[in-house]
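>>> give me the fold of what follows.
(6 chains)
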Protein chains: 6
Amino acid sequence: MPLAHIHFMYDLVEGDLQEAKRKLADEVADSIARNVVHHHQGSPKDLVTVVFHDIGADDWAVGGTLFSDRNP
Amino acid sequence: MPLAHIHFMYDLVEGDLQEAKRKLADEVADSIARNVVHHHQGSPKDLVTVVFHDIGADDWAVGGTLFSDRNP
Amino acid sequence: MPLAHIHFMYDLVEGDLQEAKRKLADEVADSIARNVVHHHQGSPKDLVTVVFHDIGADDWAVGGTLFSDRNP
Amino acid sequence: MPLAHIHFMYDLVEGDLQEAKRKLADEVADSIARNVVHHHQGSPKDLVTVVFHDIGADDWAVGGTLFSDRNP
Amino acid sequence: MPLAHIHFMYDLVEGDLQEAKRKLADEVADSIARNVVHHHQGSPKDLVTVVFHDIGADDWAVGGTLFSDRNP
Amino acid sequence: MPLAHIHFMYDLVEGDLQEAKRKLADEVADSIARNVVHHHQGSPKDLVTVVFHDIGADDWAVGGTLFSDRNP
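The predicted model follows:
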C-alpha cells in the first residue's frame, strides 16, 4: 500500500543497471516497511510498491540549467 | 480539470495496445465525469484529462522484488 | 500492479464524497483490469491500486488562470 | 527545493527540442524563484528542480479521446 | 494539454500566497505556451494546466535530512 | 538530483511520525546514493531529494475497494 516513485538518470548508473534497481527496490521496500507500516498488518514489506522512472540528461534541470549543459 | 495519471506495463497488454488505451481513456473519463464533476459545468467529460505511463518489468517492484525477477 | 493517481477538487463533488470515491475507485479498477491487465494473472482487479488527490481551487490553473479566479 | 514536473508531447515542439527545454527550464526556475521562494535563502533559483516528461500522442486523452485519434 | 505539477512549501512564501500562485500559474503557462506548444494550435496558453502541491517542512528532505531539522 | 516521491498513510504510523520520516528519508537517500548515483559526483547523498505525501484511508483503494471500507 505504501508507494514510492523514484526518478533518476539510468545513464549515470555504473555497473549492472538491473542489479542496481534490484538492490534499490529491496532496500527501499525494507525501509518503508520498518518505518511507516503498521506492525499488525502481516508482512509489511509485501505491501510496498516501488516504481522507477528514467530521466534523461536533457530532461532534468537544477537552477534552470539542463544537466546535459553542465560541465562534467 | 480532473486529471488521471495511469501507470501500467504496456508489454502485458494482449491484443491492440492503442485500442486498449482508447477504451480505458474513454471509460475512466466517463467514470470521473459521472462521479466527481459538478453537474452544472456543461459537458463534464470534456474536462477530464487522462495520461498513460508505460512501466517496464524492470521498473516495477512489489514487496521489494522486481516484476522481471518474479516467476511467470 | 497497475496504478492510477486521480486528482480532482473534492469541493466540487455534490452529495457524499466517500460514496463518490467508492464508485470511482471501483469503476476505474474494473476498467483497468478489463482493458490492460494480462488475462492469465488470476484476479486482475485485485492488482489495481487507485490513489485520490484533493486539489484546491487555488491550486489548479488552466490557461494561466487559477480556478478560484474564474467566474462561476 | 521547489520542484516542477512538466509533461508535454515532445513531438509537437517545432524547432530544436533541446533549446526549447533549455529556455523552459530557465524561465520556470526563474518564475518559481521570484514568486514562491523565501528571499532570505541565498540564491533561490539554484534551489529549483525542473523535470520534463515526454508524453506520446497515444498516451494523452482529453474528454476520453486519445490525442492520436483527434482530427488535425 | 501540457501539464505542470509544481511542488513547494506554501509556508515559505512571503506576502500573499494566492497572489504568488496567480503570478506563477500565469508565467509558467506563458513559458510553456511560447516554448513547447505547436504554433498552429489556436491559443496555446489555453491548453496549459498547472497544478500546485503544498509540501510541509516535515515532508521534504535533501541529502537525507528533513527540511524541518535543518538550521535556519 | 535523484528524486523519490513516497506516498503512505500517516495515520498508520505507530510512534513518532516525524522520527519515522527522519529515518525513512535518511535510509532512502542512502540507498539511492549507494546504488544509482555515479561515484565521481562528490557526495552523492547530498544530491538526493525525498518528498513524502500523506494519503488518507478514503483516498487509497486496492482491488477497487477503499482502504476505509476494508475490515480491520
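>>> which positions in chain A make contact with chain D?
Applying C-beta under 8 Å from any C-beta of the partner chain, we find that chain A lies next to chain D at A:7, A:55, A:58-66, A:68-69. Bear in mind the C-beta positions are built from the backbone N, C-alpha and C, glycine included.
>>> any chance of the residues you listed in TSV, plus neighbour count and pLDDT?
Below are those laid out as TSV (neighbours: other C-beta atoms under 10 Å in any protein chain shown; pLDDT from 0 to 100):
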residue	neighbour count	pLDDT
A:His7	21	98
A:Ile55	20	97
A:Asp58	17	97
A:Asp59	21	98
A:Trp60	23	97
A:Ala61	27	97
A:Val62	19	95
A:Gly63	18	95
A:Gly64	21	97
A:Thr65	17	97
A:Leu66	21	97
A:Ser68	14	95
A:Asp69	13	96
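>>> and which of the residues you listed is nearest chain C?
A:His7 (14.7 Å; C-beta to the nearest C-beta).
>>> among the residues of chain A next to chain D, which ones are in strands?
Per DSSP state E, strands hold the following members of these: A:7, A:60-62, A:65-66.
>>> tell me which of those is nearest to F:Asp11?
Nearest to F:Asp11 out of those is A:His7 (C-beta to C-beta; 26.7 Å).
>>> wait, the closest one sits on A:Gly56?
No. With contact defined as C-beta atoms under 8 Å, A:His7 does not count as touching A:Gly56 (11.0 Å).
>>> one step back: out of the residues of chain A next to chain D, who's near chain F?
Residues of these in contact with chain F (C-beta under 8 Å from any C-beta): A:7, A:60, A:62.
>>> got phi/psi on A:Glu19?
Main-chain torsions, A:Glu19, degrees, to the nearest 10: phi -70, psi -40.
>>> number of nearby residues for it?
Neighbour count for A:Glu19, taken as other C-beta atoms under 10 Å in any protein chain shown: 11.
>>> in terms of pLDDT, where does it sit?
Looking at A:Glu19, its pLDDT stands at 97.
>>> kindly report the same for A:Arg22.
You'll see A:Arg22 listed with a pLDDT of 98.
>>> cool, the one 4 residues further on as well?
At A:Asp26 the predicted local confidence, pLDDT, stands at 98.
>>> show me what contacts it?
By C-beta atoms under 8 Å, 6 or more residues apart in numbering or on different chains, A:Asp26 lies in contact with B:61, B:64-65.
>>> wait, isn't A:Gly64 in contact with D:Lys21?
No. Counting by C-beta under 8 Å, A:Gly64 stays clear of D:Lys21, with 11.2 Å between them.
>>> what about stretch A:54-70, distance to the chain center?
Centre-to-centre, stretch A:54-70 and its host chain are 18 Å apart (C-alpha atoms, centre = their mean, to the nearest Å).
>>> end-to-end on that stretch?
Stretch A:54-70 has an end-to-end distance of 19 Å (C-alpha to C-alpha, to the nearest Å).
>>> residues from chain A in reach of chain B?
Applying C-beta under 8 Å from any C-beta, we find that chain A lies next to chain B at A:17-18, A:21-22, A:25-30, A:43, A:45-54.
>>> ok, 7 Å please
Taking C-beta under 7 Å from any C-beta of the partner chain as the contact definition, chain A meets chain B at A:18, A:21-22, A:25-26, A:29-30, A:45-46, A:48-52.
>>> out of the residues you listed, name the ones that lie in strands.
Using DSSP E, the subset of the residues of chain A next to chain B located in strands is A:49-52.
>>> returning to that earlier point: out of the residues of chain A next to chain B, which end up buried?
For the residues of chain A next to chain B, a burial check counting by 16 or more other C-beta atoms under 10 Å in any protein chain shown picks out A:21-22, A:25-26, A:29-30, A:45, A:48-52.
>>> need the overlap of contacts for A:Gly64 and D:Lys21.
Counting by C-beta atoms under 7 Å, 6 or more residues apart in numbering or on different chains, A:Gly64 and D:Lys21 have no common neighbour.
>>> check A:Asn71 and give its pLDDT.
68.
>>> just the residues of chain A next to chain D now: which is nearest F:Leu3?
Set against F:Leu3, the nearest of these by C-beta to C-beta is A:His7 (4.5 Å).
>>> what separates the closest one from B:Thr65, distance-wise?
According to C-beta to C-beta, to the nearest Å, A:His7 and B:Thr65 sit 21 Å apart.
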